[in-house]
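J.: can't give you the sequence, but here's the structure:
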């Protein structure tokens with residue numbers, strides 16, 4: 001299943017090993033999840049994860065290693081059609097455009113409310129916990 005991972009999920013997965021974001025990152029590498037990435041979202045990941053003080057205890061090398069692993073599990077997608085402005089925040093439009101271009105029916109984010117109306121485009125914005133329940137129903 002193709003999915004777009006919002007930056008806040010990556011940050012959360014590195015800040016705590018107790019939450020759904022961390023469990024989701026552990027599931028990567030399985031054949032069930034195909035994260036899609038675009039060059040602009042990759043740059044956003046790098047810029048945010050390298051912010052001083054955001055991830056105490058992580059060195060630049062640790063962040064680089066994490067990004068190298070995560071990006072190696074992603075399918076690169078180039079966006080050829082812009083849907084802007086569709087959402088209130090242009091950074092969220094970047095995520096929505098990637099989901100549309102990459103054929104990802106899910107955007108995994110902690111900020112579901114930032115993606116109003118995406119259901120009309122065939123995309124569901126879900127939290128990491130919701131996405132894990134979809135992937136691994138009991």
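T.: Perfect, thanks for sending it. Bear in mind that the values here come from a model prediction, so they are computed numbers and not experimental data. Numbering: from 1, shown residues only.
J.: C-alpha from now on. contacts and neighbour counts both.
T.: OK.
J.: so how far is residue 63 from residue 96?
T.: 25 Å (C-alpha to C-alpha, to the nearest Å).
J.: who has more neighbours, these two?
T.: residue 96 (27 against 16; other C-alpha atoms under 10 Å).
J.: got a pLDDT number for the more buried one?
T.: At residue 96, the model reports a pLDDT of 95.
J.: and for residue 81?
T.: What the model reports as pLDDT for residue 81 is 69.
J.: just the one 10 residues further on next, same as before
T.: Per-residue pLDDT puts residue 91 at 84.
J.: how many other residues sit next to it?
T.: That count, for residue 91 with other C-alpha under 10 Å as the rule, works out to 13.
J.: host element of it?
T.: For residue 91, the host element (DSSP states H and E) is helix 90-102.
J.: neighbouring contacts of that helix?
T.: Helix 90-102 is contacted by residues 2-4, 6, 36-38, 40-41, 77-87, 104-107, 114-115, 118, 123 when judged by C-alpha atoms under 8 Å, 6 or more residues apart in numbering.
J.: what of stretch 6-26?
T.: 44-45, 48-49, 55, 95, 107-110, 128-129, 132.
J.: that one: which residues count as buried?
T.: Within stretch 6-26, the residues scored as buried using 16 or more other C-alpha atoms under 10 Å are 6-15, 20-22, 24-25.
J.: looking at those residues, which are in helices?
T.: Counting by DSSP state H, the buried residues of stretch 6-26 place 7-15, 20-22, 24-25 in helices.
J.: which of these sit farthest apart?
T.: Largest separation among those by C-alpha to C-alpha: 7 and 20, giving 14.4 Å.
J.: can you give me the helices in this protein?
T.: Using DSSP H, helices in the chain cover 7-15, 20-27, 39-49, 60-72, 90-102, 128-135.
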